[in-house]
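K.L.:
Fold the following for me, if possible:
(one chain, ligands or ions: 2)
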Amino acid sequence: PQAIHLSDYLPPAYRVRHTELTFDLDPAATRVKARLHLERHPEREAGAALELDGEQLTLESVAIDGQSLGADEYQLTEQGLRIEGVPSHFQLDTEVTIAPEANTALEGLYQSGGMFCTQCEAEGFRRITFYPDRPDVMATFSTTVIGQAEREPVLLSNGNPVERGELPNGRHFVTWEDPHPKPCYLFALVAGDLKKVEDRFTTMSGRDVTLQIWVEEENLGKTDHAMASLKRAMRWDEETYGREYDLDLFMIVAVNDFNMGAMENKGLNIFNSAAVLTHPDTATDAAFQRVEGIVAHEYFHNWSGNRVTCRDWFQLSLKEGFTVFRDQTFSADVNSAPVKRIQDVSFFRTAQFAEDAGPTAHPVRPDHYIEIGNFYTLTIYEKGAEIVRMLRNLVGWEAFRRGSDLYFARFDGQAVTIEDFVACMAEASGKDLNQFMLWYSQAGTPEIDAHGEYDYARAEYRLVLRQRTPATPGQADKQALHIPLRMGLVGTKSGRDLALTLDGESIGRDGVIHLREEEQEFVFTDLAEAPVPSLARGFSAPVKLNFPYSREDLAFLLANDSDGFNRWDAGQRLALLALDDLIAAHRNGVEKVMDTRVTEAFRTLLRTDTDDKAILAEMLTLPSEAYIAEQQPVVDVDAIHAARQFVKQSLAGTLRDDFLAVYQTNVDAAPYAPEPEQIAARSLKNVALSYLMSIEDETAVSLAQRQFEAEHNMTDVRHALTLLTHSSRDDLADPALKTFGQKWAHDPLVMDQWFSIQVSRPQDDALERARFLMEHEAFSLTNPNKVRALIGAFAQNRVNFHRLDGEGYKLLANAVIELNRLNPEIAARLLTPLTRWRRFDETRQDLMKAELERIQAEDLSPNVYEVIEKALA
Ligand code: HT7
Ligand code: ZN
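P.N.:
Ligands and ions are numbered 1, 2, ... in the order given. Purely as a prediction, here's the structure:
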């Protein structure tokens with residue numbers, strides 16, 4: 001496979017003004033007629049050949065301006081159709097046949113259950129018809145869908161329905177018109193036996209919009225939360241960004257087989273059912289919050305992505321980074337902002353940092369790729385969002401909003417670049433963002449080594465920051481970035497933020513400093529007391545910040561920092577220092593001793609009378625094994641697991657009564673609601689129960705069992721089931737799993753949870769369970785949710801995936817080999833944990849590499865080929 005380079009970008013030779021499509025649906029042989037109204041691009045030379053993308057299509061006919069072409073008048077390859085000598089303005093008619101029932105890759109038109117649906121981003125449209133399948137070709141669409149009235153009573157596409165009617169032989173049709181020019185990756189079609197839930201929304205200018213959520217009949221009771229989330233998101237986007245919805249109809253459809261979370265097709269969002277359906281009995285608090293976030297994300301794309309789209313796929317973060325930033329701030333606004341930030345950063349520092357440090361590291365705007373499907377990554381999405389967040393902080397919200405208004409007004413209906421976006425921010429703020437642009441082109445996580453000193457005599461604090469970005473594949477040398485850091489200096493006597501004076505100017509008590517050089521000194525003057533610095537507050541830049549904090553400093557910040565995020569972070573740093581000692585003790589075979597400073601910090605936390613239970617729950621949560629591993633030069637999975645378990649058990653042993661009190665105070669029999677206050681109390685209660693169950697005493701076991709049996713809501717039931725399943729006692733695990741499995745056998749989304757809980761247990765039978773469950777009737781390798789729930793979750797089970805007999809790696813590699821054939825996009829994603837082989841000891845490195853090489857020997861899809869090539873480079 002060939003790499004595509006950003007530097008080779010050329011505008012398309014021909015643009016499509018209008019696209020007319022007719023689908024005659026049939027599982028084995030759907031006929032697709034396309035009429036494209038084409039014109040030569042003014043910047044391209046006359047006489048250029050017309051090149052259309054097309055894959056896995058059976059061409060039936062081609063005509064230009066009504067004249068059929070013979071086979072010698074065009075060239076047909078595996079990649080598409082080429083016609084030379086076309087006029088500069090013309091109409092192209094093609095007819096092709098495709099087989100949705102055979103499409104297991106879930107790109108293009110495929111079947112999920114009995115229904116037809118599409119996924120066109122990034123390059124799925126070329127599996128539907130011959131077309132210039134690139135985002136800078138924007139056309140209006142008119143789509144007629146023909147189906148069996150009985151089998152497919154519902155026929156949907158983008159825009160508004162303009163005509164419908166009966167046809168002979170029990171067939172019927174609907175024609176849809178989408179007046180907004182769009183790239184073909186936003187095209188969508190859904191057909192099947194679906195039922196709808198309907199609501200209305202009045203936009204800020206008083207227009208009435210019909211909102212519909214289409215689901216299979218049995219899921220009709222699971223749409224309320226998505227609908228309420230959608231309305232909240234629509235209002236929020238009006239109030240926050242001045243963005244109004246632009247069609248009379250907005251539809252969401254839930255499908256069971258879907259490669260990602262959801263897709264923002266114009267007016268017809270298609271969702272993985274896991275990302276839209278909720279019910280208190282079947283979905284956890286986390287799932288409710290995820291649904292709210294994803295519904296908002298897809299809706300926000302209507303402007304950041306659809307009305308203004310990407311010029312090419314290298315600019316993917318233009319729409320994804322901005323939209324993730326928008327959905328993160330939406331969720332922060334409607335829930336608890338500090339908790340949302342803690343959760344986002346926790347995930348980011350674990351997963352994106354690992355990506356940035358591994359063989360598939362790439363810039364937020366990559367400069368080459370083989371398969372764009374491999375670039376829907378945490379770097380493009382989450383690091384892209386962190387960059388937008390830094391921009392917002394750099395220019396301030398008012399200028400950011402002016403920049404956003406300018407961007408949408410200037411580029412409405414266009415396909416643009418990241419420079420275009422940043423230029424609007426620069427123009428609206430008057431700030432120079434040239435150095436800042438490096439964030440988009442330079443891969444790797446910058447590290448800042450900081451140290452500081454207080455000079456009593458001069459009442460000054462000197463803070464020295466030194467930045468360095470490690471080499472990443474293809475990028476050996478890095479330049480200094482512009483890193484804005486929000487910070488405070490917390491007085492050691494007062495426990496308060498001190499006034500910050502820098503170069504004679506006040507920057508407040510919670511100010512932003514700008515690191516632009518490799519090394520820079522910041523001297524804060526007029527400080528009457530010695531401070532402890534609170535740096536990179538709110539994770540104001542996606543960097544690793546090293547400061548030689550003593551444990552006393554961290555305990556002080558944990559108690560006094562005015563920034564909730566950094567208070568939490570101080571606790572995490574304190575725990576990490578203790579865990580470091582314990583990991584070393586485990587490796588050296590010496591007795592493990594608990595750091596009493598951690599115990600005392602927890603005791604204080606547990607006894608604090610706080611209103612913010614959600615933050616408290618986060619503070620009581622130890623860093624995950626994956627995050628601890630990120631901090632280690634060589635990952636020792638067993639030592640990490642043992643050390644973390646030791647801390648948990650020590651804390652539970654010493655503070656048992658406090659945990660018990662917290663548990664009991666937060667038990668609530670009120671009817672379930674996914675409201676912030678209830679969610680906070682549940683998470684605090686469940687964190688307490690986790691500690692109690694780590695020592696598996698009788699009280700804890702009976703609390704977990706009672707919580708499981710009470711069946712009050714899925715958050716509590718799932719948590720209790722997890723604790724019972726992950727305990728050392730199969731006599732607790734097995735009956736609970738059986739009850740749960742039987743009760744929910746009919747619900748695929750709940751069965752996904754059942755799979756995940758079992759394969760993530762730390763006991764050494766997890767691999768055998770995973771193998772056994774892969775034969776379960778509810779499991780299927782062609783359903784991405786099942787693959788993620790079982791195989792993906794097993795690969796996150798650190799002690800068992802990394803077994804020293806290599807059987808965990810083998811299980812994953814076998815699945816990748818099968819999926820390489822069935823669904824390359826999912827295969828390439830599933831492979832990720834094996835690509836991190838360099839982080840482990842030599843024995844594991846050899847075992848992991850051997851599996852990568854075994855995969856390499858197969859006939860590989862471009863997706864898997866690209867990842868394997870990077871992993872073994
Ligand atoms: N923009 C959407 C990306 C997406 C996707 C990409 C590749 C393959 C399948 C996919 N399904 C959805 C989703 C989003 O970011 O909103
Ligand atoms: Zn998106």
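
K.L.:
list the buried ones in the lengthiest helix in the chain?
P.N.:
Ranked by number of residues, the top helix in the chain under DSSP state H is helix 564-588. Using 16 or more other C-beta atoms under 10 Å as the test for burial, helix 564-588 gives 564-579, 582-583, 585-586. Quick note: C-beta positions are derived from backbone N, CA and C, even for glycine.

K.L.:
Next SSE downstream of that helix?
P.N.:
Sequence-wise, the next helix or strand downstream of helix 564-588 (DSSP states H and E) is helix 596-607.

K.L.:
Packing partners of that next one?
P.N.:
helix 551-560, helix 564-588, helix 637-654, helix 656-665 (3 or more C-beta pairs under 8 Å, 6 or more residues apart in numbering; DSSP states H and E).

K.L.:
how about that helix: buried residues?
P.N.:
For helix 596-607, burial by neighbour count (16+ other C-beta under 10 Å) applies to Arg597, Val598, Thr599, Ala601, Phe602, Leu605, Leu606.

K.L.:
Please tabulate those in JSON lines and include pLDDT as additional columns.
P.N.:
Converted to JSON lines, the buried residues of helix 596-607 look like this (pLDDT from 0 to 100):
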{"residue": "Arg597", "pLDDT": "96"}
{"residue": "Val598", "pLDDT": "98"}
{"residue": "Thr599", "pLDDT": "98"}
{"residue": "Ala601", "pLDDT": "97"}
{"residue": "Phe602", "pLDDT": "98"}
{"residue": "Leu605", "pLDDT": "97"}
{"residue": "Leu606", "pLDDT": "97"}
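
K.L.:
any idea which of those is closest to ligand 1?
P.N.:
Ligand 1 has its nearest neighbour among the buried residues of helix 596-607 in Leu605, at 36.7 Å by C-beta to the nearest ligand atom.

K.L.:
Enumerate the residues of the chain near ligand 1.
P.N.:
119, 121-122, 259-260, 262-264, 297-298, 301, 320, 373, 376, 825 (C-beta under 6 Å from any ligand atom).

K.L.:
near ligand 2, from the residues you listed?
P.N.:
When the residues of the chain next to ligand 1 are checked against ligand 2 using C-beta under 5 Å from the ion, the ones in range are Glu320.

K.L.:
taking the residues of the chain next to ligand 1 one by one, which sit in strands?
P.N.:
In strands, judged by DSSP state E, the following of the residues of the chain next to ligand 1 are found: Gln119, Ala262, Met263.

K.L.:
quick one, what contacts the closest residue to ligand 1 within the stretch 51-200 of the chain?
P.N.:
The minimum distance from the stretch 51-200 of the chain to ligand 1, using C-beta to the nearest ligand atom, falls at Glu121 (4.6 Å). For Glu121, the residues meeting the contact criterion (C-beta atoms under 8 Å, 6 or more residues apart in numbering) are Tyr185, Leu186, Met263.

K.L.:
How about the contacts made by the second one?
P.N.:
The reference is to Leu186. Cys120, Glu121, Asn158, Glu264, Asn265, Lys266, Asn306, Thr309.

K.L.:
okay, now the domains of this structure?
P.N.:
What the record gives for the chain is the domain set 4-193, 308-441, 447-545, 740-873, from automatic domain parsing.

K.L.:
in the stretch 451-600 of the chain, what residue is nearest ligand 2?
P.N.:
At 18.5 Å from ligand 2, Pro542 is the closest residue in the stretch 451-600 of the chain, using C-beta to the ion.

K.L.:
How about the contacts made by the spatially closest residue to that residue that is not a sequence neighbour?
P.N.:
Nearest non-adjacent residue to Pro542, counting by C-beta to C-beta, 6 or more residues apart in numbering: Glu386, 4.1 Å away. Residues near Glu386 by C-beta under 8 Å, 6+ apart: Phe348, Phe539, Ala541, Pro542.

K.L.:
and Glu675, how many neighbours?
P.N.:
Using other C-beta atoms under 10 Å, Glu675 has 11 other residues around it.

K.L.:
per-residue pLDDT, it?
P.N.:
Glu675 carries a pLDDT value of 95.

K.L.:
Dihedrals phi and psi, it?
P.N.:
Note on Glu675: backbone dihedrals following degrees, to the nearest 10 are phi -100, psi 150.

K.L.:
ok, back up a step: would you confirm that the residue of the stretch 451-600 of the chain closest to ligand 2 contacts Gln352?
P.N.:
Yes. With contact defined as C-beta atoms under 8 Å, Pro542 reaches Gln352; the gap is 7.4 Å.

K.L.:
Name the SS class of the residue of the chain positioned farthest from its centre, please.
P.N.:
Distance from the C-alpha centroid of the chain, by C-alpha atoms, centre = their mean, peaks at Ala457 (50.4 Å). Counting by DSSP: H, G, I helix; E, B strand; the rest coil, the backbone at Ala457 sits in coil.

K.L.:
For ligand 1, what is the nearest residue in this structure?
P.N.:
Residue of the chain nearest ligand 1, by C-beta to the nearest ligand atom: Met260 (3.5 Å).

K.L.:
What's the local residue count around that residue?
P.N.:
A count of nearby residues for Met260, using other C-beta under 10 Å, gives 18.

K.L.:
which SSE is Leu812 in?
P.N.:
helix 807-822.

K.L.:
which parts of that helix are buried?
P.N.:
Of the residues in helix 807-822, those buried (16+ other C-beta under 10 Å) are Gly808, Tyr809, Lys810, Leu811, Leu812, Ala813, Asn814, Ala815, Val816, Ile817, Leu819, Asn820.

K.L.:
Alpha carbons of it, as CSV, please.
P.N.:
Output in CSV follows, covering the C-alpha atoms of helix 807-822 (Å, rounded to 0.1, in the frame of the first residue of the first chain):
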residue,chain,number,x,y,z
GLU,A,807,-1.4,-17.0,25.6
GLY,A,808,-3.1,-13.6,26.1
TYR,A,809,-1.1,-12.2,23.2
LYS,A,810,-2.0,-15.2,21.1
LEU,A,811,-5.7,-14.8,21.7
LEU,A,812,-5.6,-11.2,20.6
ALA,A,813,-3.5,-11.9,17.5
ASN,A,814,-5.8,-14.7,16.5
ALA,A,815,-8.8,-12.3,16.6
VAL,A,816,-6.8,-9.7,14.7
ILE,A,817,-6.1,-12.2,12.0
GLU,A,818,-9.7,-13.1,11.6
LEU,A,819,-10.9,-9.5,11.7
ASN,A,820,-8.3,-8.4,9.2
ARG,A,821,-10.5,-10.3,6.7
LEU,A,822,-13.9,-9.3,8.2
